[in-house]
Every structure is written in C-alpha cells, then in structure tokens.
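Peer 1: this is the structure alone, sequence omitted:
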C-alpha cells in the first residue's frame, strides 16, 4: 500500500474511532446529556438501560479503530477496516428500516447515514489497498 493511502486510512480510522468512542461513552454513561445533543428525546428508565447497553457496543467499535492506530501497523489498520464492515452494514440497514417503519424518530437519520458513509469509504480504501498490493 502506498503511504498516502495508509495515511488516509489512518485519518478515517481516527475520525470513525473518535465518533463511535465518544458517542458510545455518552450513550452508555450520560444518555440524558448525549441524546439532546442528537435532537432525540430521552426515553423512559427501562428503555435507557438498553440504550446504555448499545452505547457500550458503539464505544467498543470506536475503541477498535483507535486501538489499531495506537498499536500501529498497516495490517492492524486493514484488519479493523475489514472487521467493522458487518457492523456498519447491519447498523445502516437496521437504522434505515427503523426510520422508514417509524420505529425511530427522524433525528436518528444521521446514524445510518454515517454508517453507510463509513462503509463506503472503508470498502473503497480496502479495494484500493488490494489493488496496490497487486
């Protein structure tokens, strides 16, 4: 892989990692503060525990990107870009279905948009990476 491509992948991982890590922390530990920032009403107590649990998973996905950067190495970076693809796809699909079915308020639209955007960027980088290796 050429250095500019690896640098671009690193910036993408940093952005995605910080986005997911901070959002996940907010949802897991202070959803009453995080949700209004997203324009989403705070649900009842019973629903909050599930939201906090989801936040822990989002936090972990973000941590995987950041860990790849801290530990270094192109192979670690490629592995995290590959291993997070199913999460991006599943979240994007579920979010889109939930929005179209009215299960989620329109304020949640940024979630599938971000996930599909990151999915597309990661696939593009991985394809370029594969072509550069040939």
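Peer 2: Arrived safely, thanks for sending. This is a predicted model, so every value here is computed, not measured.

Peer 1: and the gap between the residue positioned nearest the centre of the chain and residue 27?
Peer 2: Taking Cα atoms, centre = their mean, the centroid of the chain lies closest to residue 20, which sits 4.9 Å from it. To residue 27, residue 20 is 10 Å away according to Cβ to Cβ, to the nearest Å. In this view, the C-beta of every residue, glycine as well, is placed from N, C-alpha and C.

Peer 1: now for those two: what residues contact both?
Peer 2: Common contact partners of residue 20 and residue 27 (Cβ atoms under 8 Å, 6 or more residues apart in numbering): 58, 59.

Peer 1: hang on, the earlier thing: test my guess that the residue nearest to the centre of the chain contacts residue 62.
Peer 2: Yes - using Cβ atoms under 8 Å, residue 20 is in contact with residue 62, at 2.9 Å.

Peer 1: low-confidence bits of this protein, can you list those?
Peer 2: 1-3, 133-134 (pLDDT under 70).

Peer 1: residue 108 is in contact with residue 35, isn't it?
Peer 2: No - Residue 108 is beyond contact range of residue 35, at 10.2 Å (criterion: Cβ under 8 Å).

Peer 1: what's the overlap in contacts for those two?
Peer 2: Counting by Cβ under 8 Å, 6+ apart, nothing touches both residue 108 and residue 35.
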